[in-house]
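Q: please find the sequence and the predicted model below.
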Amino acid sequence: MLSWFFADACWLETARERRIVAWSGLAPDFDVLAYAGAIVYYQLDKDMAFEKVWSVVHHRYTHGIAFILLTGIVAWLLARGPNRARVALLAIAASALHNFLDVVAGGPTWPIYPVWPLSDFGWTANWSWTLADWPNHVVLFGCLGATILYARIAGRSPVEAFGDRADRWFADVAQQKTATTPAAGGRRIVVRAIIWIAVILLVVAAFAPLGFNLG
Ligand SMILES: [Zn+2]
């Protein structure tokens, strides 16, 4: 979400360019596939998968200069037209920003490896907050709110990363555009209800580990 806003703020004109930069900002976390594979490999033993694979792999190979440069190359190959170099540079910046934010918000015990494979130096900050800490919830809900608000105002949003049709549809819902047929109107009410239920469930899920103790 953040990297889409970043792309939009950098005056990228086409949906394709914004989409490339948005996914580049998410790209370092593709190592989650290794965790998914490990869960299957260890026959759904999540603790085993975490210990043997996730705690070793996550942040190591895809959270550093090598992967950032790779992201830039892929972005350059995917981009079209005169803006290719700019898209590639912004993709690199989005990927680097992801890494930095992982240091800030990933907790002091989970380093990233900025110069792998040149060195195994792990970078942490002892002032960083952990994943379950409240600032991460604030950021998450801030982004969700900004997405809905921005879709309402600008008629586009980070949903664009999933395709033009999805984005158009989401903007229509956010802008409460009148549906052209009663059936479409009914569908939209159902969709809106689903969105709100999902948001509420997310809030509950996010705050449950804190024991709802916000004071
Ligand atoms: Zn990450």
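A: Cool, got the structure. Numbering: from 1, shown residues only.
Q: pretty sure Ser157 sits against Asp167.
A: Yes - Ser157 lies in contact with Asp167 (Cβ atoms under 8 Å); the separation is 6.5 Å. Where C-beta positions appear, they are placed from N, C-alpha and C, glycine not excepted.
Q: more neighbours: which of those two?
A: Ser157 (24 against 21; other Cβ atoms under 10 Å).
Q: what is the least confident helix or strand in the chain?
A: Lowest on mean pLDDT, DSSP states H and E among the helices and strands of the chain sits helix 182-207, with a mean of 78.
Q: starting at the chain centroid, how far to it?
A: Between the centre of helix 182-207 and the centre of its chain there are 21 Å (Cα atoms, centre = their mean, to the nearest Å).
Q: ok so, going back, overlap in contacts, Ser157 and Asp167.
A: When Cβ atoms under 8 Å, 6 or more residues apart in numbering defines a contact, no residue borders Ser157 and Asp167 alike.
Q: the least confident helix or strand of the chain: which residues count as buried?
A: Neighbour-count burial for helix 182-207, counted by 16 or more other Cβ atoms under 10 Å, picks out Arg188.
Q: one more: stretch 9-28?
A: 10, 12, 16-28.
Q: please save the CA atoms from it in CSV.
A: What follows is stretch 9-28, C-alpha atoms only, in CSV (Å, rounded to 0.1, in the frame of the first residue of the first chain):
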residue,chain,number,x,y,z
ALA,A,9,3.3,10.7,-5.2
CYS,A,10,6.2,10.5,-7.6
TRP,A,11,4.0,11.4,-10.5
LEU,A,12,4.1,8.1,-12.3
GLU,A,13,1.5,8.6,-15.0
THR,A,14,0.3,5.1,-16.0
ALA,A,15,-1.3,2.4,-13.9
ARG,A,16,1.3,0.0,-15.2
GLU,A,17,4.2,2.1,-13.8
ARG,A,18,2.5,2.6,-10.5
ARG,A,19,1.8,-1.2,-10.3
ILE,A,20,5.4,-2.1,-11.0
VAL,A,21,6.7,0.2,-8.2
ALA,A,22,3.9,-1.0,-5.8
TRP,A,23,4.9,-4.6,-6.3
SER,A,24,8.6,-3.8,-6.0
GLY,A,25,7.9,-2.4,-2.6
LEU,A,26,6.4,-5.7,-1.6
ALA,A,27,8.8,-7.9,-3.4
PRO,A,28,11.3,-8.5,-0.6
